[in-house]
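J.: Structure for the following, please:
(2 chains)
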Number of protein chains: 2
Amino acid sequence: MRATIMHAPGDVRVEERDKPTIQQPTDAIIKLVAACVCGSDLWPYRGADSLNKPAAMGHEYVGIVEEVGTDVRNVQAGQFVVGSFFASDNTCEICRSGYQSGCVHREGVGGAQAEYMRVPLADGTLVTTPEMPDADKIPSLLAASDVLGTGWFGAKAAEAGPGKTVAVVGDGAVGLLAILAAKQMGAERIIAMSRHAARQALAREFGATDIVEERGDDGVAKIKELTNGLGAHSVIEAVGTQESMMQAIRATRAGGHVGYVGVSHDVELPGLEMFFSHVHLHGGPAPVRDYLPELIDLILRGEINPGKVFDLELPLDEAAEGYKAMDERRAIKVLLRP
Amino acid sequence: MRATIMHAPGDVRVEERDKPTIQQPTDAIIKLVAACVCGSDLWPYRGADSLNKPAAMGHEYVGIVEEVGTDVRNVQAGQFVVGSFFASDNTCEICRSGYQSGCVHREGVGGAQAEYMRVPLADGTLVTTPEMPDADKIPSLLAASDVLGTGWFGAKAAEAGPGKTVAVVGDGAVGLLAILAAKQMGAERIIAMSRHAARQALAREFGATDIVEERGDDGVAKIKELTNGLGAHSVIEAVGTQESMMQAIRATRAGGHVGYVGVSHDVELPGLEMFFSHVHLHGGPAPVRDYLPELIDLILRGEINPGKVFDLELPLDEAAEGYKAMDERRAIKVLLRP
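T.: Coordinates of the predicted model:
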């Protein structure tokens, strides 16, 4: 089968690989219907994350179950499934508390930018749709697998809700979908921090009421100006750098909430400033599995259309161009069709 | 009048100073009934905080109102009052959200280790008792002014409550009173981290069910051992060092809550570890004012006896000995009588 392999920073190739097989009785093999390139895939692509050996890429996926291990009960061959980027048993105490991405048996899921992939702990990880979804729902269901679920967690961690002013740092797919999530959760005012016209337009479509183009201290000053000098109630951080984290923390009012979902890179939070900021800080890898049933339902009922973040669609064989387009910010997010 | 002045690290003297006067129409002057030495007073005493000029010490106080400014409405001369270490208007949006220590008009309060002190924003800052309290309630009411309120905030920030396992890092007065607070909030199990026999005994009296003597990685391992490998639901950090913060974060389960109330000194939180820890982090200077009515009521009804943290009582003139006893950990907390 064909699979996307990263050999080195900037070097992504689609190559022939063995089709994955069941390794544990709790595994499933799925035939991918669609996959995509993640903002986090750009870290190794840009050399910001190290790469010790060639890596099979992709952790966002929708597909049709091809085969299941002997212990799998909840999914069967032929069903359409959406999964998340951490496999989880969905039964342990941590899973039951809503933190499946912290499952005591969690495993990373990889190799989704391919024709087939193996998903561990299939019963806990995969969620089936009631029937085979229409083609126009595929991008949105794929978004649910990571970027929507991650934006959703950011909004939840930031306690977005009725009466709240929410600011979003980062205008990638996760930031944009955090806007959609905050809107769904009833936020009163949603401020998108973006200086990119196409992303600003999508932000507004998803529910942003204000756009702030300034960054860093200027961006913080602008948020304060818009919030009576106090800062936002809720700020969602969807980048993962020192600058974006400090921008998020400083833009939040005393007693407010920062939800951070950008994977922190070389971030050090200054203790004394944190202490006197009085913010709540919560984030990490999103427990997407917890939200999938609700998100799938919202998508199938046509209530939300998160698939709009995919502004470039390519055949799997052109994955390298997909990485390039995202790296150069020509595309917000790239959908790959095996 | 006599007042406690710190001239340099280790150099505390009780000296003659002018009696404070009303400076703003919102001020009150109170005659101190009792004051005390705070763990945070030890930072400059030990040279860990810099001291640019001699400082009038003390920010925990109970007393009798001597005089009020022309705009003060809620308190009057002759009333017994408890205050908190930040003056707040108690009317701004931040105060109304329960973060009086982040009040937009907040001011530090100082000079309580003296015969008289000036309290700014008296209407928002001071809480009166229904009548003159009995002498045996004075230590507990004084504790409410800071250490109890701070421990209470730590327990609240850590979301201590029914069904929760709570661990407390730090066995100073704040840590011990965080145990009392967690118990009041209904925590199921409370683990005190202490290696000091007298403090362990008080911890048990306040509600601790387990004692862990190990620190750092060993302390974390012990907490995990006691919690089925998962970590505590709630951890209260009441020290403020890099080691104690990391101990608190690492002892917390995924999705759990760290409440930190030790003033962070030279603390840098590693972003990537925080991200994957999945903990909630909240803390800062406690909004004691928010809790005072409830705490005063619990004390006057005899439900709690936080004054037990005072294991040494001295006349104000011997304040220097009070600092020394706390610095050498001979005393948990020292009460000073003007």
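J.: From now on I want contacts and neighbour counts done on CA atoms only, so please keep to that.
T.: Noted.
J.: residues touching the residue nearest in space to the middle of chain A, list them.
T.: Residue closest to the mean C-alpha point of chain A, counted by CA atoms, centre = their mean, is residue A:147 at 2.4 Å. Taking CA atoms under 8 Å, 6 or more residues apart in numbering or on different chains, we find residue A:147 in contact with A:173-174, A:177.
J.: so which of these comes closest to chain B?
T.: Distance to chain B, by CA to the nearest CA, is smallest for residue A:174 among the contacts of residue A:147, at 16.0 Å.
J.: Now intersect the contacts of residue A:147 with the helices, please.
T.: Per DSSP state H, helices hold the following members of those: A:173-174, A:177.
J.: Would you quantify the distance from residue A:310 to residue A:335?
T.: Counting by CA to CA, to the nearest Å, the gap between residue A:310 and residue A:335 amounts to 6 Å.
J.: how about the ones in helices among the contacts of residue A:147 in a markdown table, adding distance to chain B and neighbour count?
T.: Converted to a markdown table, these look like this (distance: CA to the nearest CA, whole Å; neighbours: other CA atoms under 10 Å in any protein chain shown):
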| residue | distance to chain B | neighbour count |
| --- | --- | --- |
| A:173 | 19 | 29 |
| A:174 | 16 | 31 |
| A:177 | 20 | 32 |
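J.: Adding pLDDT and distance to residue A:27, write those out as a markdown table.
T.: Formatted as a markdown table, the ones in helices among the contacts of residue A:147 follow (pLDDT from 0 to 100; distance: CA to CA, whole Å):
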| residue | pLDDT | distance to residue A:27 |
| --- | --- | --- |
| A:173 | 96 | 29 |
| A:174 | 97 | 28 |
| A:177 | 98 | 30 |
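J.: and which of these is nearest residue A:199?
T.: Ranked by distance to residue A:199 (CA to CA), the ones in helices among the contacts of residue A:147 are led by residue A:173 at 9.0 Å.
J.: neighbour count winner among residue A:310 and residue A:335?
T.: residue A:335 (25 against 20; other CA atoms under 10 Å in any protein chain shown).
J.: Please confirm that that one is located within a strand.
T.: Yes. Remark: residue A:335 belongs to a strand, assigned using DSSP: H, G, I helix; E, B strand; the rest coil.
J.: dump the residue contacts of it.
T.: A:34-37, A:139, A:310, A:312-314.
J.: which of these are close to chain B?
T.: Counting by CA under 8 Å from any CA of the partner chain, nothing from those sits close to chain B.
J.: Residues of chain A that sit close to chain B?
T.: A:94, A:97-99, A:102, A:254-255, A:261, A:263-272, A:274-285.
J.: Can you tell me which of the residues you listed end up in helices?
T.: A:94, A:271-272, A:274-277.
J.: Overlap of the contact sets of residue A:310 and residue A:335?
T.: In contact with both residue A:310 and residue A:335: residue A:139, using CA under 8 Å, 6+ apart.
J.: now, which of the contacts of residue A:335 lie within strands?
T.: A:34-36, A:310, A:312-314 (DSSP state E).
J.: Most neighbours among those residues, please name it.
T.: Neighbour-wise, the ones in strands among the contacts of residue A:335 (other CA under 10 Å) top out at residue A:36, 31 neighbours.
J.: hang on, isn't that one packed against residue A:331?
T.: No. Under the criterion of CA atoms under 8 Å, residue A:36 makes no contact with residue A:331, lying 11.9 Å away.
J.: need the contact list for the closest residue to residue A:120 other than its chain neighbours.
T.: Of all residues not flanking residue A:120 in the chain, residue A:27 sits nearest, at 4.4 Å (CA to CA, 6 or more residues apart in numbering or on different chains). By CA under 8 Å, 6+ apart, residue A:27 lies in contact with A:68-69, A:72, A:118-122.
J.: just checking, which of the residues you listed belong to helices?
T.: residue A:122.
J.: which of the contacts of residue A:27 sit farthest apart?
T.: A:72 and A:118 (13.2 Å).
J.: neighbour count winner among these two?
T.: residue A:118 (24 against 18).
J.: ok, so what distance separates that one from residue A:205?
T.: Per CA to CA, residue A:118 is found 36 Å from residue A:205.
J.: Report the secondary structure state of the spatially closest residue to residue A:213 that is not a sequence neighbour.
T.: In space, and not counting its chain neighbours, residue A:213 is closest to residue A:195: 4.7 Å by CA to CA, 6+ apart. When classified by three-state DSSP, residue A:195 comes out as coil.
J.: Next, work out how far apart residue A:195 and residue A:324 are.
T.: Taken as CA to CA, the span from residue A:195 to residue A:324 is 21 Å.
J.: residues contacting residue A:171?
T.: A:192-194, A:199-200, A:203, A:238 are the contacts of residue A:171 under CA under 8 Å, 6+ apart.
J.: Just give me the closest of the residues you listed to chain B.
T.: Taking the contacts of residue A:171 together and measuring to chain B by CA to the nearest CA, the closest member is residue A:238, at 12.2 Å.
J.: The closest one contacts residue A:265, correct?
T.: No. Counting by CA under 8 Å, residue A:238 does not reach residue A:265; the two are 12.0 Å apart.
J.: the more surrounded of those two?
T.: With neighbours defined as other CA under 10 Å, residue A:238 and residue A:265 compare such that residue A:238 has more, 28 against 17.
J.: OK, contacts around the nearest residue to that one once chain neighbours are set aside?
T.: Distances taken as CA to CA, 6+ apart place residue A:262 nearest to residue A:238, at 4.3 Å, with adjacent residues excluded. Residue A:262 is in contact with A:237-241, A:284, counting by CA under 8 Å, 6+ apart.
J.: among those, who's most crowded?
T.: Neighbour counts for the contacts of residue A:262 peak at residue A:237, which has 33 neighbours (criterion: other CA under 10 Å).
J.: how far away is that residue from residue A:2?
T.: Applying CA to CA, the value for residue A:237 to residue A:2 is 35 Å.
J.: cool, residue A:335 as well?
T.: According to CA to CA, residue A:335 and residue A:2 sit 16 Å apart.
J.: what's near enough to touch residue A:84?
T.: Contacts of residue A:84 (CA under 8 Å, 6+ apart): A:59-61, A:109, A:125-126, A:145-146, A:288-289.
J.: nearest to residue B:82, of these?
T.: Set against residue B:82, the nearest of the contacts of residue A:84 by CA to CA is residue A:288 (47.5 Å).
J.: neighbours around that closest one, how many?
T.: For residue A:288, the number of neighbouring residues by other CA under 10 Å comes to 28.
J.: cool, and the one 4 residues further on?
T.: Residue A:292 has 24 neighbours, counted by other CA under 10 Å.
J.: for residue A:48, same thing?
T.: Other residues near residue A:48 come to 12 when the count uses other CA under 10 Å.
J.: On the three-state scheme, it is what?
T.: Under three-state DSSP, residue A:48 comes out as coil.
J.: Then residue A:297?
T.: Under three-state DSSP, residue A:297 falls in the helix class.
J.: Alright, that wraps it up for me.
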